[in-house]
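**Student:** sequence first, then the predicted structure:
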Amino acid sequence: MTITTLAVLVPLLPFLGAVAGLLLGRTAPGFVRPLAVLPTVAAAVLAVLVAVRQGGGKDIGASTRLTPTGSVPIDLALHLDGFAVLVAVLVGVVATCVQIYSTGYLRDDPRYPSYAALVSLFTSAMLLVVYSGDLMVLLVGWEIMGICSYFLVGHYWETPEARAASLKAFLVTKLGDVPFLFGLFALAADANSFKISTILDVVGDRGLDHPTLIALLLLAGVAGKSAQFPLHTWLPDAMAGPTPVSALIHAATMVAAGVYFVARLLPVFASSAAALTVLAVMAAVTMVGSALAALAQDDIKRVLAYSTIGQLGYMTGALAVGDRGAAVFHLLTHGAFKALLFLGAGVIIHAAGTNSLAAMSRMGGLAKRIPDAYWTMTIALLALAAIPPFAGFFSKEAVLVAAEHASLGDTRGVPSGVGWIVLVAGLATALLTAAYAIRLWLLAFRGRGPAAPDHGKQPLAMNGVLWLLAVPSLGLGLTVGQLAGWFDVHSLTPTVTTAVLGTGVALVGGLVTYGAWRHTTAHAAARPPIGAVAAHPDADPATSEAEAIATHTAAYGDIASAPDPADPGRLLLGPFHRHAAAGFHLDAVYHTLFVRPVQAAAELVRFLDREVVDTYVRGAGNLPRLLGAGVRRAQTGNVQTYLSALLAGSVVLAIAAVIVAAVGA
């Protein structure tokens with residue numbers, strides 16, 4: 001079987017599994033789990049075979065004309081290079097882990113069949129994006145992921161949070177997709193082709209006619225899909241969906257699609273210095289802002305959501321300095337340890353028995369209760385904090401090395417200022433990342449919160465997946481010497497300068513946070529922790545929580561302003577804590593700048609429609625009705641009245657005739 005045939009089967013198998021799952025979900029429920037897991041496992045195995053056969057060597061392509069368009073042709077094209085085959089392996093492995101994990105996490109969910117089918121369709125769409133060699137075919141996978149995210153984030157549609165989050169995710173990403181679509185059309189018009197290889201040849205030979213306009217339009221879609229400033233606000237709210245969905249979106253699909261798209265078309269963006277500058281500023285603001293927000297969140301999944309936004313900022317920063325190898329390398333390592341973090345958070349939530357106990361300030365006694373999640377999440381958090389020799393250290397250092405080279409003018413076509421922006425923001429984010437990583441670990445596993453009721457051991461499917469993902473989280477960075485050949489770039493090995501700086505600031509961030517935690521723990525030792533009353537296994541959850549809040553409020557005032565027990569984030573951020581916890585009020589700003597004007601315009605249109613347009617419509621109907629009513633009143637049925645009216649009319653006509661005759665004479 002040829003490599004192209006194997007590559008075609010990789011996205012096709014999950015798609016067929018999704019279709020079969022939707023058709024048989026109700027009639028044959030026993031087939032749901034095999035149809036969810038087996039096609040995804042087969043796709044992951046085939047993706048590995050494709051990667052082995054491609055071997056990081058020469059690009060492999062195949063295409064056939066999809067349909068005559070009369071202008072720019074559309075091809076059903078396949079493009080396999082080192083980037084594509086490795087990212088496909090990541091997608092296949094993470095999707096397999098999510099499907100296996102979900103069999104335990106959602107084993108009692110009545111909507112599991114539709115959930116599993118949508119996850120398979122989501123996986124198929126991302127694999128289509130990865131392997132596609134034509135922009136229009138890529139766009140199909142791009143948009144399918146958008147609609148899948150809408151349904152999956154809103155899986156718990158009974159809750160208003162899930163409904164609002166799914167709608168917000170869909171609308172915000174579509175807001176970026178509109179200019180993205182125009183950018184694709186403009187790019188195809190300049191290159192006279194939607195085929196990616198042809199576009200890159202045109203960029204290398206004669207260049208594009210409108211590179212800056214095209215790059216900026218495309219960046220709008222990338223910002224929406226990959227949750228970059230200013231279109232990142234949908235991602236933290238998307239945590240209302242099932243935790244395995246969060247792992248899939250954050251680690252291997254959806255948000256990774258934007259970064260991968262820029263990496264594939266990097267020469268297009270590199271042809272405009274203005275576009276690279278915008279990309280660098282976007283990455284810098286995203287990195288630092290999201291790290292500060294993560295340091296202030298209490299919900300464990302929102303911490304990880306803001307963490308994903310920041311790590312994607314590292315990837316876009318690497319692309320801004322012209323190093324797609326570093327960007328995709330960090331995409332791979334981040335996919336492994338972020339999937340592990342989210343699935344570990346799911347074990348915590350599962351152990352607590354309710355999603356409402358995802359607040360870290362209310363956690364306690366978890367390290368001994370869930371040792372598998374404790375140890376594997378510790379590995380993943382060390383990788384996130386870029387501590388050597390974990391995977392995140394090598395990939396994050398590759399980004400900093402690329403930024404250092406650009407700042408020194410060693411990267412052709414990239415302004416040195418862009419390198420400095422990414423380097424400074426990257427180091428600042430490294431410090432903050434270590435801070436919120438150690439804070440999460442301390443609050444989740446060493447916190448003073450009550451021990452939640454014990455809901456028994458976690459299913460083997462959940463714990464086994466954690467240890468499977470712990471392997472690349474620990475060891476993937478050690479393959480840095482071999483991966484450079486797959487990416488066709490310079491060495492990704494860290495330099496002494498960036499290694500010392502990056503590790504140094506990470507250690508400082510971790511140690512300062514630990515010291516702040518010790519300080520707040522000492523001062524909070526005498527305070528009753530929030531939820532203390534609710535800790536009793538036999539207590540009513542609603543009543544106990546209300547009593548706990550009342551107790552805490554009586555002791556420390558308003559619950560919203562009371563300090564969280566032993567939360568170092570509040571101490572470190574000081575007065576900025578409440579602003580960071582609210583995401584720096586960007587949602588409120590957008591509500592004021594966009595939502596309220598749109599609502600006001602809608603109210604004006606409604607008024608004009610009902611009070612002006614409808615007035616004429618109603619008048620056109622009322623006038624004949626009034627005339628008809630007047631005529632109806634004259635129909636009395638009395639013959640004498642009719643004769644009197646006839647006589648009166650005759651007299652009036654006679655008088656009128658006499659007057660007219662007199663005037664005429």
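**Tutor:** Ah, there it is.
**Student:** count of neighbours near Y642?
**Tutor:** 13 (other C-beta atoms under 10 Å). Any C-beta I mention is one placed from the backbone N, CA and C, and that applies to glycine too.
**Student:** can you check F83 too?
**Tutor:** F83: 25 neighbours (other C-beta under 10 Å).
**Student:** that one sits in which helix or strand?
**Tutor:** helix 82-105 (DSSP states H and E).
**Student:** from the chain's centre, how far out does that helix sit?
**Tutor:** 17 Å (C-alpha atoms, centre = their mean, to the nearest Å).
**Student:** need the next SSE after it, C-terminal direction.
**Tutor:** helix 112-131.
**Student:** helix or strand right after that following helix?
**Tutor:** Downstream of helix 112-131, the next assigned helix or strand under DSSP H and E is helix 135-153.
**Student:** now for that next one, which elements pack on it?
**Tutor:** strand 74-80, helix 112-131, helix 160-191, helix 196-205, helix 211-225, helix 243-251, helix 255-264 (3 or more C-beta pairs under 8 Å, 6 or more residues apart in numbering; DSSP states H and E).
**Student:** tell me the buried residues in that helix?
**Tutor:** Buried residues in helix 135-153, counted by 16 or more other C-beta atoms under 10 Å: 135-139, 141-142, 144-146, 148-153.
**Student:** could you give the angle of that helix to helix 112-131?
**Tutor:** Computed with axes from the mean of the first three to the mean of the last three C-alpha atoms, to 10 degrees, the direction of helix 135-153 lies at 150 degrees from that of helix 112-131.
**Student:** put the alpha carbons of helix 135-153 into PDB.
**Tutor:** Extracted C-alpha coordinates of helix 135-153, given in PDB (Å, rounded to 0.1, in the frame of the first residue of the first chain):
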ATOM      1  CA  LEU A 135      -6.600  25.700   0.800                       C
ATOM      2  CA  MET A 136     -10.200  25.100   0.000                       C
ATOM      3  CA  VAL A 137     -10.000  21.500   1.200                       C
ATOM      4  CA  LEU A 138      -8.200  22.800   4.300                       C
ATOM      5  CA  LEU A 139     -11.100  25.200   4.800                       C
ATOM      6  CA  VAL A 140     -13.600  22.400   4.900                       C
ATOM      7  CA  GLY A 141     -11.800  20.800   7.800                       C
ATOM      8  CA  TRP A 142     -11.300  24.200   9.400                       C
ATOM      9  CA  GLU A 143     -15.000  24.900   9.400                       C
ATOM     10  CA  ILE A 144     -16.100  21.400  10.500                       C
ATOM     11  CA  MET A 145     -13.900  21.800  13.600                       C
ATOM     12  CA  GLY A 146     -15.800  25.000  14.300                       C
ATOM     13  CA  ILE A 147     -19.200  23.300  14.300                       C
ATOM     14  CA  CYS A 148     -18.000  20.300  16.200                       C
ATOM     15  CA  SER A 149     -16.600  22.600  18.900                       C
ATOM     16  CA  TYR A 150     -20.000  24.200  19.100                       C
ATOM     17  CA  PHE A 151     -21.800  20.900  19.800                       C
ATOM     18  CA  LEU A 152     -19.100  19.500  22.100                       C
ATOM     19  CA  VAL A 153     -18.600  22.600  24.300                       C
END
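**Student:** that one to helix 196-205, inter-axis angle?
**Tutor:** Using the same axes, to 10 degrees: helix 135-153 against helix 196-205 is 120 degrees.
**Student:** model confidence over helix 135-153, on average?
**Tutor:** What helix 135-153 shows for mean pLDDT is 95.
**Student:** would you mind listing where this structure has pLDDT under the threshold?
**Tutor:** Confidence mapping of the chain against pLDDT under 70 gives the ranges 67, 69, 352-358, 364-365, 448-456, 488-490, 524-565, 665.
**Student:** re earlier: go through the helices and strands packed on helix 135-153 and name the closest to V10.
**Tutor:** Nearest to V10 among the helices and strands packed on helix 135-153 is helix 112-131; the distance by C-beta to C-beta comes to 5.4 Å.
**Student:** what angle do that closest one and helix 243-251 make?
**Tutor:** Going by the same axes, to 10 degrees, helix 112-131 makes 10 degrees with helix 243-251.
**Student:** could you export helix 112-131 as PDB, CA atoms only?
**Tutor:** Extracted in PDB, the C-alpha atoms of helix 112-131 (Å, rounded to 0.1, in the frame of the first residue of the first chain):
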ATOM      1  CA  TYR A 112     -22.200   9.500  25.000                       C
ATOM      2  CA  PRO A 113     -23.000   8.100  21.500                       C
ATOM      3  CA  SER A 114     -23.400  11.500  19.900                       C
ATOM      4  CA  TYR A 115     -20.400  12.800  21.900                       C
ATOM      5  CA  ALA A 116     -18.100  10.000  20.700                       C
ATOM      6  CA  ALA A 117     -19.200  10.500  17.100                       C
ATOM      7  CA  LEU A 118     -18.500  14.200  17.300                       C
ATOM      8  CA  VAL A 119     -15.100  13.600  18.800                       C
ATOM      9  CA  SER A 120     -14.300  11.300  15.800                       C
ATOM     10  CA  LEU A 121     -15.600  13.900  13.300                       C
ATOM     11  CA  PHE A 122     -13.500  16.500  15.100                       C
ATOM     12  CA  THR A 123     -10.400  14.300  14.800                       C
ATOM     13  CA  SER A 124     -11.100  13.600  11.100                       C
ATOM     14  CA  ALA A 125     -11.500  17.300  10.400                       C
ATOM     15  CA  MET A 126      -8.100  18.200  12.000                       C
ATOM     16  CA  LEU A 127      -6.400  15.400  10.200                       C
ATOM     17  CA  LEU A 128      -7.800  16.800   6.900                       C
ATOM     18  CA  VAL A 129      -6.400  20.200   7.800                       C
ATOM     19  CA  VAL A 130      -3.000  18.600   8.500                       C
ATOM     20  CA  TYR A 131      -2.700  16.500   5.400                       C
END
